[in-house]
Each structure stands twice: as C-alpha cells, then as structure tokens.
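*Asks:* Coordinates only, no sequence provided:
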C-alpha cells in the first residue's frame, strides 16, 4: 500500500475504533454523574453517544496531524471511562 493509503486507513481506524472508545468513555462518565435516576442517566448518556461519535469522526478527519487524531481519541476515552468507572462504583 502507498503511504497516502496507509494514512487514510489509519484515520478511518481512528474514527471507527477511537470514536467508539471515546463514545463509550463519555457514556460511562455521563451515566455516573448525571443527577437523574439510574435508568434515566444511562438512557440519556446512551442517546448523547450519537452526537459524541459524530463529532469524534468529524474531528479525526479535520486535524492535520495523525498522532493528534489518535491521541485526541484515546486519551480522553481513557480519562472519561476511568473517572466514570471510579464514580459509578460508589453508586452501585
């Protein structure tokens, strides 16, 4: 494969898998911090995932640096997911 094809493939993978990881992390965090009943918080967090995923895909293809695209997906995903899991342990 040509280098340009590899760069595009990496962006597509960042959008698909990095966007999914970011969306999951944000959903976990939102379901833990929203001041609603547990069911309503999870439902609201899940519905907001559509907007987060759409913005993540657009962002991956708008940044210039490929490293920034990957780090911009994975670091917030890890942070949001980790904080959300820590906060939800006390609520369970």
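*Replies:* Yep, that arrived. The model shown is predicted, which means the values in this text are computed figures rather than measured ones. Numbering: from 1, shown residues only.

*Asks:* any idea how far the residue minimising distance to the centre of the chain is from residue 54?
*Replies:* A centroid search over the chain (CA atoms, centre = their mean) returns residue 22, at 1.1 Å, as the residue closest to the centre. Relative to residue 54, residue 22 is positioned 11 Å away (CB to CB, to the nearest Å). Using the backbone N, CA and C atoms, a C-beta is placed for each residue, glycine as well.

*Asks:* got it, and residue 40?
*Replies:* With distances defined as CB to CB, the gap from residue 40 to residue 54 amounts to 23 Å.

*Asks:* what's the answer for residue 69, then?
*Replies:* Here the criterion is CB to CB. By it, residue 69 lies 16 Å from residue 54.

*Asks:* out of those two, which sits in the busier spot?
*Replies:* Neighbours of residue 69 and residue 54, each counted by other CB atoms under 10 Å, are more numerous for residue 69; the result is 21 against 12.

*Asks:* Please give me every residue in contact with residue 32.
*Replies:* The neighbours of residue 32, taking CB atoms under 8 Å, 6 or more residues apart in numbering as the test, are 41, 83-85, 87-88, 91.
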